[in-house]
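Student: When you get a sec, could you give me coordinates for this:
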Amino acid sequence: QTVEGQPGPPGLKKTSPTTTRAPTPWIFAALIASQMVQDGDLVGAPALITMFLCYLRPGEAMRLKEADLVRPTPQCSFWATNLHPSSRGESSKVLLSDESLMLDST
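Tutor: Numbers count the residues shown, from 1 in each chain. Below is the predicted model of the structure:
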């Protein structure tokens, strides 16, 4: 707890920024992933693209398995991901399971 007129703990001002940052443009993410592929990082590059498209944390992207990707169907032309599958006993930071996200559905 802070007393008025006395400084709070370090970093307290950073918990509520007055301005937000614009998101990284897609072209920058694509260029970074392209460079990663050229450097031979064939795991990190797709993970970066997946994180960008789904707004995933790095740990969430790295926990994805092939079974978590849902192929397009005649009813839906987009790939999807199943995040935090309950079948593996996973849950998100806010304790949600089986969250579905469509890739590039914009």
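
Student: For stretch 58-72, C-alpha coordinates in PDB please.
Tutor: Below are the C-alpha coordinates for stretch 58-72, written out as PDB (Å, rounded to 0.1, in the frame of the first residue of the first chain):
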ATOM      1  CA  PRO A  58       5.000 -18.100 -26.500                       C
ATOM      2  CA  GLY A  59       4.200 -20.900 -24.100                       C
ATOM      3  CA  GLU A  60       0.800 -21.400 -25.600                       C
ATOM      4  CA  ALA A  61       2.200 -21.600 -29.100                       C
ATOM      5  CA  MET A  62       4.900 -24.100 -28.100                       C
ATOM      6  CA  ARG A  63       2.300 -26.400 -26.400                       C
ATOM      7  CA  LEU A  64       0.200 -26.700 -29.500                       C
ATOM      8  CA  LYS A  65       0.200 -30.200 -31.000                       C
ATOM      9  CA  GLU A  66      -0.700 -31.300 -34.500                       C
ATOM     10  CA  ALA A  67      -4.000 -32.600 -33.100                       C
ATOM     11  CA  ASP A  68      -4.900 -29.100 -31.900                       C
ATOM     12  CA  LEU A  69      -5.000 -27.800 -35.500                       C
ATOM     13  CA  VAL A  70      -8.400 -28.300 -37.200                       C
ATOM     14  CA  ARG A  71      -8.500 -28.500 -40.900                       C
ATOM     15  CA  PRO A  72     -10.900 -26.500 -43.100                       C
END
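
Student: what is the mean pLDDT for the longest helix seen in the chain?
Tutor: Ranked by number of residues, the top helix in the chain under DSSP state H is helix 26-38. Regarding helix 26-38, the rounded mean pLDDT is 97.

Student: What residues sit buried inside it?
Tutor: By neighbour count on 16 or more other Cβ atoms under 10 Å, the buried set for helix 26-38 is 29, 33, 36. For glycine as for every other residue, the C-beta is placed from the backbone atoms N, C-alpha and C.

Student: Mind giving me the packing neighbours of it?
Tutor: Using 3 or more Cβ pairs under 8 Å, 6 or more residues apart in numbering; DSSP states H and E, the elements in contact with helix 26-38 are helix 44-54.
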